[in-house]
Each structure stands twice: as C-alpha cells, then as structure tokens.
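Undergrad: dropping the sequence and predicted coords here.
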Amino acid sequence: MCFWQCCITVALIVSVFSPVNCRNNLHLELVDGQQQGETTTSLSLTHSVNIYEQHQDSSPRFRRRVHRLQRQRQSVDTDQSVTGFDWEALNPDLSLQRYGSENKAWWHYREFGEQENRQHQLPQIILRYTAATGLSNQHYCHIAAFSLCAVLGRCSIVLPPAVARSSFQDAFSVFKEFNKVQWSAKPVETLYDTDKITVEWAKMGFQVWNTPALQELPALVQPESAFPRYLDQHDTRLFTNVSDVYLRAYAMTELTELVTQAVLTAAREYKQLTETEPPYIVVDLPVTLFMFRSSEHLELVSEVARNLFFAPVVHQLADQVLQGMAAHAPYFNGAHLRVEADAMDWARSMGGVSVYWGEYLKAMQTAGFDDKAPVYIATGLLSYKAGHATLDHFVANLTAEGLCDRVAYKEQFLDSAELDALHSEQKALVDLLVLAKAHRFVGFEPSTFSFFLSQYRVLQGLEPSSSVLVEGKIIGTNVLFEAAAVVVEHGFQQQKQFLGES
C-alpha cells in the first residue's frame, strides 16, 4: 500500500472512531473588565457529545467540524503555524470533497484566504438577546440562548432584564393601536439566582454577564425585531445581529450556521477597517422564543434547564405556601386555570367559556382529582377587581363536582405586603414552584406556563403521567410546542400516551 493510501485509511479510522467533542472545549477569552488573555476553566458539556452522535446522519458537515476541532487540540502537525485554524466552518468552499484533507485546506488558506482577509478562527462571541413577555416565555428564551451558546462554544452570554406585565385584564395585540398590555423591565435577579447561574456555567467554561445599563425596553409587541437596547460601551464596529429567529424552530445546525456566518462577516469587516483581528464580536438576537427544535436535542436542553436557577427569595415564598398547605393535608393537587380576561379568545376558539371549562373538569377527572385533597390553583384572576367574582364561580364549581375538599391559592398564605412587593412574573413563579410539588397537575396545553410546568415536574423527578393538559389543537400551538418547547426526554410523549389510554 502506498503512502497516500495509508494516510487516507488512517484518516478514515480516526474520523469514525474518534470520540465526538464540541466547540465548547475551546478556551474563552474574557472581555469587558477582565484582563486580555485570562481564560475560564475549559470543560466540555458532556451531554453535547451524545446529541451530535444521535444526529450525525442529518448533519454530516457539522459532525466533521466537531471531529476536526478535537483533532486540532491533539494535532502535532508542524505545517500549521496558526493556532485554531477552523478550516471548514470559516471557509465553506474548503470542503472535504474538494480538498481532501485539512492540511490542503490550510495551504489554500495560507496562499489565498489570508490575502482575502478571511478569518482563520471563529472570534469569541458575546451573545445578547431579548426575553419575551410572560414567565415561561422568558424562561424558554433563556433556555434557547444558553443552548445556542453551549453549542457555539467560544461564547459568553449577557442576561437580559426580566419583563413584567401590567395586568391579566388587559388585551394583547401585535398592533400597537389595539394593544392594552404594558410591560416594564425588572432586574433579572428578581426571577433568577444569577450568582449561582454564573458560578455553575463558569465550571463548564462559559462566562455569564450581568444585564448592562438599559437604554430602553425594546418594542415587545414586535418580538421578531426586539433587539436589546443597552447603553453600550463596545466599539460599534464589533456588532452584528441575526434577526430571523423568533418562533422559527430551526434545526440547531441551521441556527449555528446563521450566527457563525454573521460573526465571520462582522469580523472580516472589522479587520478590513482596522487591519487587526477583532477581540470579540457582539451578536444581538431579538426575542429567542422557540428559535430551534429542542425536541432534537433533549439531553442538551434538559441539562441547560437544570442549570438555570430561580431566585432564592421566590423559592422562600413558595416554601411558605407549601408549609401552609402541608398543615392542612398530606398532599394536594394543582391546576393552572387560564381563564383570565386576556385568555377569553382561547375560550371562544374552543366553543365558549362553558365548553372550555368543561374540558378542564374532564382533565381533572382524568388526572384523578377527588374530594379527599385540596386543589391549589394558579390564576391571574386575583390581580384585577373583576376577576374575583369569576374565581368565586369556578371555586364553587370545583367543590360541587367533588374534585377537591377545598381550593387554595397563594393569597391565602402570603400577606398582602409580601405580595405587593412582587411584580407579576414573580407571583407567577411562586405558583410554578408550588405546582411543581403537586401530587397531580392539570393545565392548558396552549399555555407555555402549563406546558413548561408539565416538563419542569419531570425534571424534578415526577412521572409524566402526573400532569394532564387540556388539549387545545384548535389554537394551533401544538406542532410548534412539540418541536421547540419540549425540554425533557420522553416526558411529553409519555404524557400524551397516558391521556390516550385514559
């Protein structure tokens, strides 16, 4: 066998049997207040390995890139004088089919690409994004952004502010003249334990930045173009953005390609203007809700979800409620009643309030609610005056149907001063943390709060069958949710199977 045949044979063996690794093994250079050249601890997210092995047939180019990055760290090739040469990601024309090897691609870059001011390596990325309205929508935005950052690897992430709403009574519309809901920016620390998030992600090799000074909250009625608006200290030449991500449910390979190409274009333009390599590129995204198909990357996404920690002060309030519940009964069931004024369009779509409520009662019967245990309900009805009478009606109906021995809600266990100090999404988070401990849970499938809670309960160790969601296919969100809102393996499918058997 001649020399070149031996080389090809060895290369094939290496490509087939080398362990898959990810871009996040690369070191991160810290910027914005840290000395250049300092690095965080470089650890791989082990869950990413299995993800790319599972999807290797559908993304061969991405798989080769992952293998290539690991080989770069182990390479003893003296022919390459530039560390971290990223031959396939940065020069799409330098394909394996065309050049046959990384060394030939390197030669092409050295002879031609370098003269064209092409980047030899992906610059460090500072990823910024906007959180959506609503507690669970915001959480899904964080899950999506952190997952993207984990896959990109040479990436740090900037936490956006939390967003609170004025009332559940006001109607929402994407048309400004009809929209009545008002949103305001709140410190992200009101919803998340940012210190713990920063520490845990640093252990995995990723820098998490606090929210910068806010210029203004972007127009959230147009989430597809709601880019972050901060009082920036960065060189404007270091910025780029990717706009078409909101609700797009991309394959992860498509999403990373969009971001990578935007970064490379910005880096090339910076180099042409300054004749120096950019220290980093700031990538701005609008609202990142459901921007990729989480269902195809459940090991990654569930690990990300486990490493986004809620605020201790809200946990403490939820514990107060749970202690109050435990004083009256050994266990309780729970329900998310999405029956506020701003949800009445859903009720009308399903045939009216009576039909809508009837589906809730059926779901509670299916879940096994009975008159031996209380029901804790999460609802925004008590956030506005007209909602109190509606709540009284539903409470009477639940006890009359024998679905509980009494109805409980957080306002019975927390004093008014504590509640008044909370914004709307903190109140919702109290409900979420309490309902995560319910023996059985019933919610409404088109609601991201209900849908995420059913997933979160599985992350907390409960069986998928312990949650039952009122089906709302007529609303039209089910296909998107099944693709981009699932965060735990098997949970949603097992839940649907349970419902089918019931």
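TA: It's in. Residues are numbered from 1 along each chain as shown.
Undergrad: touching, residue 375 and residue 403? I think so.
TA: Yes: between residue 375 and residue 403 there is a contact at 6.7 Å, judged by CB atoms under 8 Å. Yep, even glycine has a C-beta here, placed from its N, CA and C like the rest.
Undergrad: list residues touching both of those two?
TA: 364, 369 (CB atoms under 8 Å, 6 or more residues apart in numbering).
Undergrad: list the buried ones in stretch 258-270?
TA: Neighbour-count burial for stretch 258-270, counted by 16 or more other CB atoms under 10 Å, picks out 258-260, 262-264, 266-268, 270.
Undergrad: nearest to residue 424, of those?
TA: residue 259 (31.8 Å; CB to CB).
Undergrad: contacts only, for the closest one.
TA: 125, 148, 152, 242, 283.
Undergrad: just checking: what are the partner strands of the helix or strand that contains the last one?
TA: Counting by DSSP states H and E, the secondary-structure element that holds residue 283 is strand 281-287. When pairing is defined by DSSP bridges, strand 281-287 lines up against strand 125-130 (parallel), strand 239-241 (parallel).
Undergrad: give the rounded mean pLDDT of stretch 222-230.
TA: Stretch 222-230 carries an average pLDDT of 95.
Undergrad: report the buried residues of it.
TA: 223, 226-228, 230.
Undergrad: the helices in the stretch 401-502 of the chain, which residues?
TA: Counting by DSSP state H, counting those that start in this stretch, the segments of the stretch 401-502 of the chain that form helices are 416-420, 424-435, 448-459, 478-484, 491-501.
Undergrad: give me the residue ranges of this protein where confidence is low.
TA: Judged against pLDDT under 70, the low-scoring parts of the chain cover residues 1-121, 169-179, 490-502.
Undergrad: all strands of it, in order?
TA: 125-130, 155-158, 162-165, 183-186, 208-209, 239-241, 281-287, 333-336, 375-378, 407-408, 441-444, 467-470 (DSSP state E).
Undergrad: can you pull the buried residues of the first one?
TA: Going back to what we said before, that points to strand 125-130. By 16+ other CB under 10 Å, the buried positions in strand 125-130 come out as 125-130.
Undergrad: returning to that earlier point: and the contacts of residue 259, which of them are buried?
TA: Among the contacts of residue 259, those buried by neighbour count (16+ other CB under 10 Å) are 125, 148, 152, 242, 283.
Undergrad: rewinding a little: so which of the strands paired with strand 281-287 gets nearest residue 336?
TA: Nearest of the strands paired with strand 281-287 to residue 336, taken as CB to CB: strand 125-130 at 25.2 Å.
Undergrad: what's the spacing between the closest one and its chain's center?
TA: Its chain's average C-alpha position is 13 Å from that of strand 125-130, according to CA atoms, centre = their mean, to the nearest Å.
Undergrad: what are the contacting residues of that strand?
TA: Residues contacting strand 125-130 (CB under 8 Å, 6+ apart): 31-32, 141, 145, 148-149, 152, 154-158, 160, 209, 218, 220, 223, 226-228, 230, 234, 259, 263, 280-288.
Undergrad: in PDB, list the C-alpha atoms belonging to that strand.
TA: Listed next in PDB are the C-alpha coordinates belonging to strand 125-130 (Å, rounded to 0.1, in the frame of the first residue of the first chain):
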ATOM      1  CA  ILE A 125     -18.800  35.700  20.700                       C
ATOM      2  CA  ILE A 126     -20.700  37.800  23.200                       C
ATOM      3  CA  LEU A 127     -24.300  36.700  22.800                       C
ATOM      4  CA  ARG A 128     -27.100  39.100  23.700                       C
ATOM      5  CA  TYR A 129     -30.900  38.600  23.400                       C
ATOM      6  CA  THR A 130     -34.300  39.800  24.500                       C
END
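Undergrad: hang on, the earlier thing: identify whichever of the strands paired with strand 281-287 lies nearest to residue 363.
TA: Residue 363 lies closest to strand 125-130 among the strands paired with strand 281-287, at 33.6 Å (CB to CB).
Undergrad: before we move on, the earlier item: nearest to residue 442 among the contacts of residue 259?
TA: residue 148 (32.8 Å).
Undergrad: just checking, the closest one touches residue 256?
TA: Yes: counting by CB under 8 Å, residue 256 is a contact partner of residue 148 at 7.1 Å.
Undergrad: phi first, then psi, for the closest residue to residue 375 other than its chain neighbours.
TA: What sits nearest to residue 375 in space, not counting adjacent residues and going by CB to CB, 6 or more residues apart in numbering, is residue 404, at 3.9 Å. Main-chain torsions, residue 404, degrees, to the nearest 10: phi -170, psi 160.
Undergrad: now do residue 404 against residue 463, distance only.
TA: Distance, residue 404 to residue 463, by CB to CB, to the nearest Å: 21 Å.
Undergrad: residue 406 now?
TA: Taken as CB to CB, the span from residue 406 to residue 463 is 25 Å.
Undergrad: ditto for residue 276
TA: Taking CB to CB as the measure, residue 276 falls 57 Å from residue 463.
Undergrad: higher neighbour count, those two?
TA: Between residue 276 and residue 463, residue 463 has the larger neighbour count (other CB atoms under 10 Å), namely 12 against 8.
Undergrad: how near is that one to residue 143?
TA: With CB to CB as the criterion, residue 463 and residue 143 are 22 Å apart.
Undergrad: likewise for residue 295?
TA: Remark: distance between residue 295 and residue 143 (CB to CB) = 13 Å.
Undergrad: out of the helices of the stretch 401-502 of the chain, which is closest to residue 302?
TA: Comparing the helices of the stretch 401-502 of the chain by CB to CB, helix 448-459 comes nearest, at 6.5 Å.
Undergrad: and the closest one, what other elements does it pack with?
TA: helix 135-152, helix 298-306, strand 333-336, helix 424-435, strand 441-444, strand 467-470, helix 491-501 (3 or more CB pairs under 8 Å, 6 or more residues apart in numbering; DSSP states H and E).
Undergrad: now those as CSV including distance to residue 321?
TA: Formatted as CSV, these follow (distance: least, CB to CB, whole Å):
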stretch, distance to residue 321
helix 135-152, 16
helix 298-306, 23
strand 333-336, 11
helix 424-435, 5
strand 441-444, 15
strand 467-470, 19
helix 491-501, 25
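Undergrad: check contacts around the closest residue to residue 383 other than its chain neighbours.
TA: Nearest non-adjacent residue to residue 383, counting by CB to CB, 6+ apart: residue 168, 5.3 Å away. Residue 168 makes contact with 340-343, 380-381, 383-384, 387, 424 under the criterion CB under 8 Å, 6+ apart.
Undergrad: do residue 364 as well
TA: Here residue 364 is in contact with 333, 335, 375, 398, 401, 403, 442, 468 (CB under 8 Å, 6+ apart).
Undergrad: surely residue 273 and residue 237 touch.
TA: Yes: here residue 273 reaches residue 237: they are 6.1 Å apart, a contact under CB under 8 Å.
Undergrad: distance between the ends of stretch 370-388?
TA: Across stretch 370-388, the terminal residues are separated by 24 Å (CA to CA, to the nearest Å).
Undergrad: mind listing what's buried in it?
TA: 373-384, 387.
Undergrad: how much space separates residue 407 from residue 239?
TA: From residue 407 over to residue 239 the distance is 51 Å, taken as CB to CB.
Undergrad: these two - which one has more neighbours?
TA: residue 407 (21 against 17).
Undergrad: could you check how far the residue lying closest to the more buried one once chain neighbours are set aside is from residue 222?
TA: Nearest residue to residue 407 in three dimensions, chain neighbours excluded: residue 395, at 4.5 Å (CB to CB, 6+ apart). Counting by CB to CB, the gap from residue 395 to residue 222 is 38 Å.
Undergrad: repeat for residue 149
TA: In this view, residue 149 and residue 222 are 24 Å apart by CB to CB.
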